[in-house]
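K.L.:
The sequence and its predicted three-dimensional model are supplied below.
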Amino acid sequence: MPATRPATTRADSLPDVATVAEIAAWVRVDSRTLRAEIVAGNVPGAFRVGRSWRVVTQEYLRGVGGHHEAA
């Protein structure tokens, strides 16, 4: 099992509305993986702006139950 590392960005330092790339980097998944989860309706707080997706950070954190809270 690989060692886990703390997230490089604290949850409280994320912007109020983040891009898919920002959330994906914070959660450490590929942006395509996150985008697929958004399209499937599995990411709370996600919405479209033109052709881009954005995520309301606080809704996302509440929706995932704080599982990705960084120390």
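P.N.:
Cool, got the structure.

K.L.:
Buried residues in stretch 15-29, which are they?
P.N.:
Going by neighbour count (16 or more other C-beta atoms under 10 Å), the buried part of stretch 15-29 is Ala18, Val20, Glu22, Ile23, Ala24, Ala25, Trp26. All C-beta atoms are positioned from the backbone trio N, CA, C, and that covers glycine.

K.L.:
farthest-separated two in the residues you listed?
P.N.:
Checked with C-beta to C-beta, the buried residues of stretch 15-29 reach their widest spread between Val20 and Trp26, with 10.8 Å between them.

K.L.:
The buried residues of stretch 15-29 in strands, which ones?
P.N.:
Applying DSSP state E to those, the entries found in strands are Ala18.

K.L.:
any idea which of the buried residues of stretch 15-29 is the one closest to Gly50?
P.N.:
Taking C-beta to C-beta as the measure, Gly50 lies nearest Val20 of those, at 13.1 Å.

K.L.:
and that closest one, what does it touch?
P.N.:
With contact taken as C-beta atoms under 8 Å, 6 or more residues apart in numbering, Val20 is in contact with Ser31, Leu34, Arg35, Ile38, Ser52, Trp53, Arg54, Val55.

K.L.:
Which of the helices or strands spans Trp53?
P.N.:
In the assignment (DSSP states H and E), Trp53 maps to strand 52-56.

K.L.:
which other helices and strands contact that strand?
P.N.:
For strand 52-56, the packing partners by 3 or more C-beta pairs under 8 Å, 6 or more residues apart in numbering; DSSP states H and E come out as strand 17-19, helix 20-27, helix 31-39, strand 46-49.
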